[in-house]
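Novice: missing the sequence, but the structure's below:
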């Protein structure tokens, strides 16, 4: 029998629905949707910094477009709230603090919504979900056989952090899916509120028994989606899995570099006006080299995330744990280890978000005692060490990083008006 249900979902995507019917009022807006970038610029002029990737302006857009009168029956939530609502037959309108933290609407201490921002965006507080712990019994999932309790809710990246056993301060993981997110467990709330010097921002990693564990997060806006672009739009590959074989058939990129800024650059640059770029392309660069350049470009962006997190936390993780679809690509994982200059531990469960949801729900009903027991369960599938690039000094790796940084600068500010969006 099912002991408990855990929910892990994509964060910041916004949904509006009617409480009487349970039907969505309009389309859900995915976290990568940039239609509210102009609104963010307007708020920025008033001293309010929000990212178009956060939920706040998406909620406002949904209300302005589909419920301008702000009816009392309207409900707003991220995907976890939508799922919990339907699993509970409309009895639970909740979100955990890890999801609430990426809406842009959660207060500094993760205890309440930001009332001044709600007023500015005309978002009724009654439409928002109640804040609950990430691990704890919330109510019955009456839509499922046996009505098991909902015991855990977390955003996908925080669930992955738990799933990869990073429940002790100083441990770091990165998930390489459509985008990529690197998270470091830091226990106490970071000193910065919105964004640190390195371009990371604080997150609620999870909460249990009323106690909040904090983390720091760095974001790459396009990772696996750059490989999908090669498949679906350019026809360079049959499928994403073929990228490993094609890239492995080339010794190097032939001098080419790829900046995966298809949706702009996240951490550390935060340049929404940047765009993807191939640089250094010559007649010696063909299909194999271009595919390898894409994988290496994503790997270098991953190293940027780690460096930014080190700046903002002062923590230097000895290894990096990884999951997500790209963690199955051996060429990419080796490139990531080389760019990060440290071992990469590949998770046995490619979608560690599901494992983390299970841990959080399991702790709520006593299957696992606490976070330490979860940390002790970690066992990687494989550990990939960095290549010995030109000896112990790593001169070749340093040169590769310098060339990468030069490529990033050339890809920046393609759309200056979007580059101006800050948060």
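Specialist: Looks like it came in fine. Predicted model only: the values in this text are computed from it and were never measured.
Novice: Skip the chain neighbours and tell me the closest residue to residue 294.
Specialist: residue 258 (4.9 Å; Cβ to Cβ, 6 or more residues apart in numbering). Backbone N, C-alpha and C define where each C-beta goes, glycine included.
Novice: residues contacting residue 190?
Specialist: By Cβ atoms under 8 Å, 6 or more residues apart in numbering, the residues touching residue 190 are 196, 202, 214, 216, 312-313.
Novice: Now distance to residue 75, secondary structure and pLDDT too, for the residues you listed, in CSV please.
Specialist: Formatted as CSV, these follow (distance: Cβ to Cβ, whole Å; DSSP: H, G, I helix; E, B strand; the rest coil; pLDDT from 0 to 100):
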residue, distance to residue 75, secondary structure, pLDDT
196, 33, coil, 93
202, 27, strand, 93
214, 28, strand, 96
216, 31, strand, 97
312, 35, helix, 96
313, 36, helix, 95
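Novice: now, which of those sits nearest residue 350?
Specialist: Of all these, residue 350 sits closest to residue 216, with 23.9 Å by Cβ to Cβ.
Novice: Chain neighbours aside, what residue packs nearest to residue 30?
Specialist: Setting aside the residues directly before and after it, residue 30 is nearest to residue 13 in space (Cβ to Cβ, 6+ apart), at 5.0 Å.
Novice: That neighbour is in contact with residue 79, isn't it?
Specialist: Yes. Judged on Cβ atoms under 8 Å, residue 13 makes contact with residue 79 at a distance of 5.4 Å.
Novice: Which neighbours do the two have in common?
Specialist: By Cβ under 8 Å, 6+ apart, residue 13 and residue 79 have these common neighbours: residue 28.
Novice: Give me the neighbour count for residue 126.
Specialist: 11 (other Cβ atoms under 10 Å).
Novice: In contact with it, which residues?
Specialist: Residue 126 makes contact with residue 72 under the criterion Cβ under 8 Å, 6+ apart.
Novice: can you confirm it is in a helix?
Specialist: Yes. The assignment for residue 126 is a helix, going by DSSP: H, G, I helix; E, B strand; the rest coil.
Novice: Out of the contacts of residue 190, the closest to residue 29 would be?
Specialist: Looking at the contacts of residue 190 and their distance to residue 29, the nearest is residue 202, at 23.7 Å (Cβ to Cβ).
Novice: contacting residues around that closest one?
Specialist: 101, 189-190, 192-193, 196, 214-217.
Novice: So which residue is dead centre in the chain?
Specialist: The centroid of the chain falls nearest to residue 181 when counting by Cα atoms, centre = their mean (4.0 Å).
Novice: For that one, which non-adjacent residue is spatially closest?
Specialist: Leaving aside its chain neighbours, residue 181 sits nearest to residue 157 (4.4 Å; criterion: Cβ to Cβ, 6+ apart).
Novice: Which helix or strand contains the one you found?
Specialist: When elements are defined using DSSP states H and E, residue 157 is found to belong to helix 156-163.
Novice: Tell me how far that helix lies from the chain's centre.
Specialist: 10 Å (Cα atoms, centre = their mean, to the nearest Å).
Novice: Which secondary structure elements does the helix or strand just after that helix sit against?
Specialist: Scanning the chain past helix 156-163 towards its C-terminal end, the next helix or strand to appear is strand 172-176 (assignment: DSSP H and E). If contacts are counted by 3 or more Cβ pairs under 8 Å, 6 or more residues apart in numbering; DSSP states H and E, strand 172-176 sits against helix 156-163, strand 180-187, helix 287-313, strand 320-323, helix 352-364.
Novice: now the ones you listed in JSON lines, with distance to residue 18?
Specialist: Written out in JSON lines, the entries for these read as follows (distance: least, Cβ to Cβ, whole Å):
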{"stretch": "helix 156-163", "distance to residue 18": "26"}
{"stretch": "strand 180-187", "distance to residue 18": "32"}
{"stretch": "helix 287-313", "distance to residue 18": "39"}
{"stretch": "strand 320-323", "distance to residue 18": "36"}
{"stretch": "helix 352-364", "distance to residue 18": "27"}
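Novice: which of the ones you listed is buried the deepest?
Specialist: helix 156-163 (a mean of 31; mean count of other Cβ atoms under 10 Å).
Novice: what angle sits between that helix and strand 172-176?
Specialist: Comparing the axes of helix 156-163 and strand 172-176 via axes from the mean of the first three to the mean of the last three Cα atoms, to 10 degrees yields an angle of 130 degrees.
Novice: Please work out the average pLDDT along helix 156-163.
Specialist: Confidence over helix 156-163 (mean pLDDT, whole number) is 97.
Novice: next one: stretch 37-48
Specialist: Mean pLDDT, computed over stretch 37-48, is 90.
Novice: Report the buried residues of that stretch.
Specialist: When neighbours are counted by 16 or more other Cβ atoms under 10 Å, the buried residues of stretch 37-48 are found to be 37, 39-40, 43, 48.
Novice: what do you get for stretch 70-87?
Specialist: Buried residues in stretch 70-87, counted by 16+ other Cβ under 10 Å: 74-85, 87.
Novice: which of these lies closest to residue 124?
Specialist: residue 74 (7.5 Å).
Novice: Which pLDDT does the model give that closest one?
Specialist: We have a pLDDT of 98 for residue 74.
Novice: Residue 377 versus residue 343, what's the distance?
Specialist: Distance of residue 343 to residue 377, given as Cβ to Cβ, to the nearest Å: 19 Å.
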